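1. everything below, folded, please.
(one chain, ligands or ions: 2)
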Amino acid sequence: MNLISNETLQPFDFILFGGTGDLSIRKLIPSLYFRHCEGQLPEDSRIIATARSDMDTAGFRSMLNTDVREHIDDNDFNADSWKEFLDLVYYHPLDVTDPESYRPLVDTLAGREEYVRVFYLSVAPSLFTQITNGVHAAGLITEKSRVALEKPLGRDRASAEEINDRLSAVFNEDQIYRIDHYLGKETVQNLLALRFGNAFFEPLWRSERINDVQITIAEDLGVEGRGAFYDQTGALRDMVQNHLLQLLVILAMEPPVSIDPDAVRDEKIKVLRALKPLAGIDAIENSVRGQYKAGAYGTGPVPGYLDNDDIPNDSSTETFVAIRAEIGSWRWEGVPFFLRTGKRMESKTTEIVINFKKVPHSIFPTADGFSTPNQLIIRLQPEESIRMRIYVKAWGDDIQLQPVYLNLDFNDVFQKRKMIAYERLLMDVIRGNQTLFMRRDEVAAAWAWIDPIRAAWEQYQYLPKSYTAGTWGPGASNALISKDGLRWNED
Ligand code: NDP
Ligand code: BG6
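-> Numbers count the residues shown, from 1 in each chain. Ligands and ions are numbered 1, 2, ... in the order given. Model prediction:
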């Protein structure tokens with residue numbers, strides 16, 4: 001199993017394009033700091049951040065002192081380690097669209113060809129090709145080089161293939177790390193452990209025993225400062241094409257023969273290819289688009305999506321999607337998979353709910369008439385936990401069944417700092433382990449399923465339905481699931 005260890009890595013140069021951006025400041029640099037605290041970053045390694053902003057290394061370090069520091073909890077902060085960490089960090093102003101501006105980087109990297117070299121592209125996807133061409137033209141790609149790219153890769157299958165073609169013109173597939181940070185989350189890997197490290201789930205993991213599966217990634221935040229990016233993207237591309245489909249695939253895949261990267265990815269892609277296509281009227285009937293309007297949380301009112309300054313006030317970009325999907329395979333035929341994601345929903349909740357079939361014949365009177373069958377709830381956020389709902393006899397002199405939960409809260413079990421998903425992924429890039437990264441054919445297969453849905457929305461001019469911020473999305477999402485006689489798990 002690809003669990004992170006504190007093994008010392010080979011010394012590396014980590015070149016962070018977009019080093020001043022939101023993702024770098026909130027996640028990537030804190031992740032590298034935490035790995036340094038664990039003693040994992042070898043001496044003589046360097047993190048070389050770049051962006052257009054004109055500053056020197058001292059200026060960048062002092063920016064990190066304020067901007068990154070606020071994303072590290074006081075309990076996890078150690079002033080000495082932070083100081084040591086900052087000594088590993090450098091900055092070069094660089095406009096990736098200007099071939100001349102790679103020159104200082106060439107000088108900085110000269111003589112370190114034997115080091116692992118990571119080009120991490122934390123920039124808009126429209127800049128990916130410019131950067132890969134730029135580092136290629138500057139002669140910076142060595143045998144030990146890797147490139148890591150953020151999602152979404154492209155806007156559709158055609159543009160993703162174009163980016164991939166250009167990438168493979170300068171990097172081999174085994175040098176390319178396509179990131180989906182959900183694969184770095186502990187609970188996602190625990191899903192693999194749960195399924196393939198325990199004998200008793202496997203016989204239940206099929207259509208004979210499972211009634212339906214619900215996967216929800218709900219966020220309470222809005223689009224924050226990312227309006228311009230988000231409005232061009234929408235929830236289908238931002239969340240469904242990658243995070244939601246990755247969760248579905250890990251849940252539904254057949255057991256791989258080993259934990260080797262290709263053994264795992266070979267099984268994942270079979271699920272993507274087995275997803276029944278949703279196109280035309282089928283796509284309309286099996287999907288819901290939503291867009292949030294102004295609403296309120298306990299903390300006060302929040303504006304609607306269209307109230308953001310950087311969003312056109314007639315935007316029809318969706319901030320919510322729900323889809324009823326099916327997988328055409330022996331294991332899953334007939335089991336509906338309900339996928340749902342949205343911004344400004346009632347709470348930040350990411351969970352996978354597996355509803356088992358009801359007992360074939362009940363001999364017991366129950367408090368709730370078995371309206372709620374056995375259920376396995378795998379929660380990724382806010383807490384990481386696994387809960388199983390079973391029925392027991394309630395204490396008393398009559399035989400009355402009552403649902404109770406077997407609870408596994410990872411926080412209680414392991415009692416240590418919860419890792420940022422990127423910590424594992426960044427170390428894997430440096431270490432050279434591709435298990436938790438998307439292969440080219442996986443990305444293409446995910447887009448191949450997504451593209452017809454978007455095409456149908458356009459063809460039928462299916463505009464998003466509005467929902468109030470702070471709720472679980474538009475009413476149409478409840479109507480979608482109720483067609484199967486079900487309701488979303490919102491306990
Ligand atoms: P930001 O807009 O916050 O940051 C973009 C970065 O790129 C900045 O450092 C910017 O600095 C730099 N940049 C822009 N143009 C150039 C240029 N011509 N030359 C050099 N540098 C440039 O984006 P995010 O950090 O939010 O996102 C980065 C990537 O990560 C995107 O692909 C996004 O989809 C993905 N992502 C983001 C997540 C998030 O939570 N933020 C989550 C998951 C994925 P400057 O303007 O100074 O040049
Ligand atoms: C990113 C999306 O990939 O994932 C964001 O671009 C979203 O829009 C984020 O907010 C959610 O990640 P997490 O780990 O907070 O659930």
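2. okay, CA-based contacts and neighbour counts for the rest of this
-> OK.
3. where do the helices sit along the stretch 151-300 of the chain?
-> Applying DSSP state H, counting those that start in this stretch to the stretch 151-300 of the chain gives helices spanning 157-170, 186-196, 227-231, 234-235, 245-252, 261-274, 280-285.
4. any stretches of the stretch 351-491 of the chain with poor pLDDT?
-> For the stretch 351-491 of the chain, the stretches flagged by pLDDT under 70 are 366-371.
5. residues from it in reach of ligand 1?
-> By the rule C-alpha under 6 Å from any ligand atom, no part of the stretch 351-491 of the chain lies against ligand 1.
6. possible to save the helices of the stretch 151-300 of the chain as JSON lines with distance to ligand 1?
-> Below are the helices of the stretch 151-300 of the chain laid out as JSON lines (distance: least, C-alpha to the nearest ligand atom, whole Å):
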{"stretch": "helix 157-170", "distance to ligand 1": "13"}
{"stretch": "helix 186-196", "distance to ligand 1": "17"}
{"stretch": "helix 227-231", "distance to ligand 1": "8"}
{"stretch": "helix 234-235", "distance to ligand 1": "11"}
{"stretch": "helix 245-252", "distance to ligand 1": "14"}
{"stretch": "helix 261-274", "distance to ligand 1": "21"}
{"stretch": "helix 280-285", "distance to ligand 1": "26"}
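7. reformat these as TSV; add mean neighbour count and mean pLDDT.
-> Compiled in TSV, these are given as follows (neighbours: other C-alpha atoms under 10 Å; pLDDT from 0 to 100):
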stretch	mean neighbour count	mean pLDDT
helix 157-170	17	95
helix 186-196	17	90
helix 227-231	17	92
helix 234-235	22	98
helix 245-252	21	97
helix 261-274	19	95
helix 280-285	16	98
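8. could I get those as CSV with distance to residue 14?
-> Shown next, in CSV, are these (distance: least, C-alpha to C-alpha, whole Å):
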stretch, distance to residue 14
helix 157-170, 18
helix 186-196, 24
helix 227-231, 25
helix 234-235, 30
helix 245-252, 26
helix 261-274, 22
helix 280-285, 43
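9. and those helices: which comes nearest residue 16?
-> helix 157-170 (17.3 Å; C-alpha to C-alpha).
10. and the contacts of that closest one?
-> 128-129, 132-133, 136, 153-154, 440, 443-444, 447-448, 451 (C-alpha atoms under 8 Å, 6 or more residues apart in numbering).
11. domain ranges for this structure?
-> The record's domain parsing of the chain by automatic domain parsing lists 12-150, 183-482.
12. turn these into a markdown table, columns for distance to residue 163.
-> As requested, the domains of the chain are exported to a markdown table (distance: least, C-alpha to C-alpha, whole Å):
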| stretch | distance to residue 163 |
| --- | --- |
| domain 12-150 | 7 |
| domain 183-482 | 10 |
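13. please tell me how far the residue in the stretch 351-491 of the chain that ligand 1 sits nearest to sits from residue 186.
-> Relative to ligand 1, the nearest point of the stretch 351-491 of the chain is residue 422 (10.2 Å; C-alpha to the nearest ligand atom). Here residue 422 is placed at a distance of 11 Å from residue 186 (C-alpha to C-alpha, to the nearest Å).
14. also residue 94?
-> Counting by C-alpha to C-alpha, the gap from residue 94 to residue 186 is 35 Å.
15. cool, residue 483 as well?
-> Applying C-alpha to C-alpha, the value for residue 483 to residue 186 is 34 Å.
16. if we can go back for a sec, correct me, but the residue of the stretch 351-491 of the chain closest to ligand 1 touches residue 28?
-> Yes. If you go by C-alpha atoms under 8 Å, residue 422 and residue 28 touch, sitting 6.5 Å apart.
17. quick check: bridge partners of residue 325?
-> Legend: beta-bridge partners of residue 325 under DSSP bridges are residue 337.
18. now for it, how many residues are close by?
-> Neighbours of residue 325 under the rule other C-alpha atoms under 10 Å: 20.
19. and if you look at residue 396?
-> Counted with other C-alpha under 10 Å, the neighbours of residue 396 add up to 7.
20. likewise the one 10 residues further on?
-> Residue crowding around residue 406 was assessed by other C-alpha under 10 Å; the count is 11.
21. mind checking which helix or strand it is in?
-> Element membership of residue 406, judged by DSSP states H and E, is strand 401-409.
22. just checking, what packs against that strand?
-> For strand 401-409, the elements it packs on are strand 385-393, judged by 3 or more C-alpha pairs under 8 Å, 6 or more residues apart in numbering; DSSP states H and E.
23. cutoff 10 Å now
-> Secondary-structure packing of strand 401-409 (3 or more C-alpha pairs under 10 Å, 6 or more residues apart in numbering; DSSP states H and E): strand 375-381, strand 385-393.
24. ok, then the element right after it?
-> Note on strand 401-409: by DSSP H and E, the next helix or strand toward the C-terminus is helix 410-414.
25. what is that following helix packed up against?
-> strand 385-393.
26. was I right to think residue 465 contacts residue 475?
-> Yes. Residue 465 is in contact with residue 475 according to C-alpha atoms under 10 Å; the separation is 8.6 Å.
27. need the residues touching each of the two.
-> 288, 290 (C-alpha atoms under 10 Å, 6 or more residues apart in numbering).
28. what is the neighbour count of residue 18?
-> Using other C-alpha under 10 Å, residue 18 has 22 other residues around it.
29. kindly apply the preceding question to residue 204 instead.
-> For residue 204, the tally of surrounding residues (other C-alpha under 10 Å) stands at 11.
30. how about residue 415?
-> Applying other C-alpha under 10 Å, we find 9 other residues in the vicinity of residue 415.
31. for it, phi and psi?
-> The phi/psi pair for residue 415 (degrees, to the nearest 10) reads phi 40, psi 50.
32. for it, what are its contacts?
-> If a contact means C-alpha under 10 Å, 6+ apart, then residue 415 has residue 409 as its contacts.
33. now it: how far from residue 186?
-> The gap separating residue 415 from residue 186 is 14 Å, by C-alpha to C-alpha.
34. ok, residue 165 next?
-> Going from residue 165 to residue 186 by C-alpha to C-alpha gives 32 Å.
35. and for residue 18?
-> Residue 18 sits 26 Å away from residue 186, going by C-alpha to C-alpha.
36. give the contact list for residue 154.
-> Contacts of residue 154 (C-alpha under 10 Å, 6+ apart): 124-126, 128, 160-164, 233, 237, 443, 447.
37. dump those to JSON lines, plus distance to residue 301.
-> Listed next are those as JSON lines, based on distance: C-alpha to C-alpha, whole Å:
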{"residue": "124", "distance to residue 301": "31"}
{"residue": "125", "distance to residue 301": "33"}
{"residue": "126", "distance to residue 301": "35"}
{"residue": "128", "distance to residue 301": "38"}
{"residue": "160", "distance to residue 301": "39"}
{"residue": "161", "distance to residue 301": "42"}
{"residue": "162", "distance to residue 301": "43"}
{"residue": "163", "distance to residue 301": "41"}
{"residue": "164", "distance to residue 301": "43"}
{"residue": "233", "distance to residue 301": "26"}
{"residue": "237", "distance to residue 301": "28"}
{"residue": "443", "distance to residue 301": "38"}
{"residue": "447", "distance to residue 301": "36"}
